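A.B. asks: fold the following, please.
(2 chains)
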Number of protein chains: 2
Amino acid sequence: MSEPLPRAVVLLSGGLDSATTLAQARADGMECLALSVRYGQRHAHEIECAKQVARAVGAAAHRIIDLDLSSFGGSSLFPGEPVPSATGSSRDEIPSTYVPARNTVFLSLALAWAEAAEAAAIYLGVNALDYSGYPDCRPEYLRAFQRMADLATRRGVEGNPIEIRAPLLHLTKAQIIARGRELGVDYALTTSCYDPGSDGRACGRCDACRIRERGFAELGLADPARERTCR
Amino acid sequence: MSEPLPRAVVLLSGGLDSATTLAQARADGMECLALSVRYGQRHAHEIECAKQVARAVGAAAHRIIDLDLSSFGGSSLFPGEPVPSATGSSRDEIPSTYVPARNTVFLSLALAWAEAAEAAAIYLGVNALDYSGYPDCRPEYLRAFQRMADLATRRGVEGNPIEIRAPLLHLTKAQIIARGRELGVDYALTTSCYDPGSDGRACGRCDACRIRERGFAELGLADPARERTCR
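C.D. replies: So this is what the prediction gives:
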């Protein structure tokens, strides 16, 4: 009898980073519980991409939680406000696509599932280099979340805390793509665009599209998702 | 023209503690945005109590968020498992009614709303004395959440963080009830029971009922909710 694999909850958005993170968690020998949140974002086809990625990468389970953050407002990612086609903001500015406390809400849900499912770790695909300037993508934020989680949970109190892992934190977008290709990720299944067309096709102009395009370009590659949509 | 009141998001469960906390926030001069979560708990009549309390105490808004934590499992508060009628546990043990990461999820949602609504504070009714031994009711947990929230949000980054306030943290249940009576809280509108009957009436046997009963008894009072239900 072989030992069962340790479990991890993996936050899966349907984007390039979280697909790579899921593949990394699998490569780390984890049984992966993928978690997606339908939070009122304008690009609900993300969830379709997440389903395909979960299946392709081999998640043991995939749960989609409905949670309407858009009723709180506060972000241009919610329907009804234009997405700036290029932020033009400095690295010190937080762009309008920031969703208030989004990573905190997502990590909290992952923490709830991880504790109930006796998972050893939570994986998320945040990145502190080629990111959009969101405060909740920074290493110091993740350290503070870990500390809080250690105090919040039964596991933490019992001295066996759930570990927050962000394997892409210090990689460039090109390095992430290179890592994912080594791990066999099919990036045609992923989406990154903040403002896709009704057919799910990327706009090619928003911040997320530009960062993604630059990543593939640095590797001398074409983005395979340009020719495909997730629906 | 008078200055507008500062805003606060107040987590409102429909229980005694959160009703008192809402009244305290009003007494502190806040415009109160009450937030309740329908999270799959067995006692959905809590939400009815929360509605009545929000109206009676004078919340400026009351939002009820649907979020199915019960699909994660891990607590006897979810349907399908018996609630122990008395925990009999020592103060060092975490009882089966613990819901994994519940306060973390609730505070994260409050943080999302607070940031979007430009609220200055979040109020929650946790209590470190007459509580049930949950890790996420302790002062050190709240300090860690505050630190994390300061790093997570635009407000925090800009040096104007959203303050987490737990005005009942160091009060006994009797002191909470005395405070609430001074503030005019009608405890007949509140519910505390983990396992109420189908008519919403408290069981009188669970941990929450016993702590509540002891609080009123210490003040020489009868619990006004014993004669009423919230439906």
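A.B. asks: what are the ranges of the helices in chain A?
C.D. replies: Counting by DSSP state H, chain A forms helices over residues A:16-27, A:45-57, A:102-116, A:139-152, A:154-157, A:173-182, A:207-218, given from the N-terminal end onward.
A.B. asks: please see if the longest strand belonging to chain A touches chain B.
C.D. replies: Across chain A, the strand with the greatest residue count (assigned by DSSP state E) is strand A:31-38. No - counting by C-beta under 8 Å from any C-beta of the partner chain, chain B is not contacted by strand A:31-38; separation bottoms out at 9.5 Å. Placement of C-beta: from N, CA and C, glycine included.
A.B. asks: kindly export that strand (C-alpha atoms) in PDB.
C.D. replies: Taking Å, rounded to 0.1, in the frame of the first residue of the first chain, the C-alpha atoms of strand A:31-38 are listed here in PDB:
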ATOM      1  CA  GLU A  31      -3.600  15.700  -4.600                       C
ATOM      2  CA  CYS A  32      -5.200  18.900  -5.900                       C
ATOM      3  CA  LEU A  33      -8.500  20.300  -4.900                       C
ATOM      4  CA  ALA A  34      -9.100  23.100  -7.400                       C
ATOM      5  CA  LEU A  35     -11.200  26.100  -6.200                       C
ATOM      6  CA  SER A  36     -12.800  28.700  -8.500                       C
ATOM      7  CA  VAL A  37     -15.000  31.600  -7.500                       C
ATOM      8  CA  ARG A  38     -17.700  33.000  -9.700                       C
END
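A.B. asks: got the contact list for it?
C.D. replies: The list of residues contacting strand A:31-38 from outside it, by C-beta atoms under 8 Å, 6 or more residues apart in numbering or on different chains, reads A:4-14, A:22, A:25-26, A:44, A:46-47, A:50-51, A:54, A:57-67, A:105-106, A:109-110, A:113-114, A:117, A:119, A:123.
A.B. asks: which of the residues you listed come close to chain B?
C.D. replies: Of the entries in the contacts of strand A:31-38, those that also sit close to chain B under the rule C-beta under 8 Å from any C-beta are A:63, A:65, A:66, A:67, A:105, A:109, A:113, A:117.
A.B. asks: my read: the last one touches residue A:6, true?
C.D. replies: No - because the distance of 11.3 Å does not satisfy C-beta atoms under 8 Å, residue A:117 is recorded as not touching residue A:6.
A.B. asks: of these two, who's got more company?
C.D. replies: Set side by side, residue A:117 and residue A:6 show more neighbours around residue A:117, with 17 against 13, by other C-beta atoms under 10 Å in any protein chain shown.
A.B. asks: related to what we said a few turns ago, mind giving me the PyMOL select for the ones next to chain B among the contacts of strand A:31-38, buried ones only?
C.D. replies: The command below creates a PyMOL selection of those among these that count as buried (16 or more other C-beta atoms under 10 Å in any protein chain shown):
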select buried, chain A and resi 63+65+67+105+109+113+117
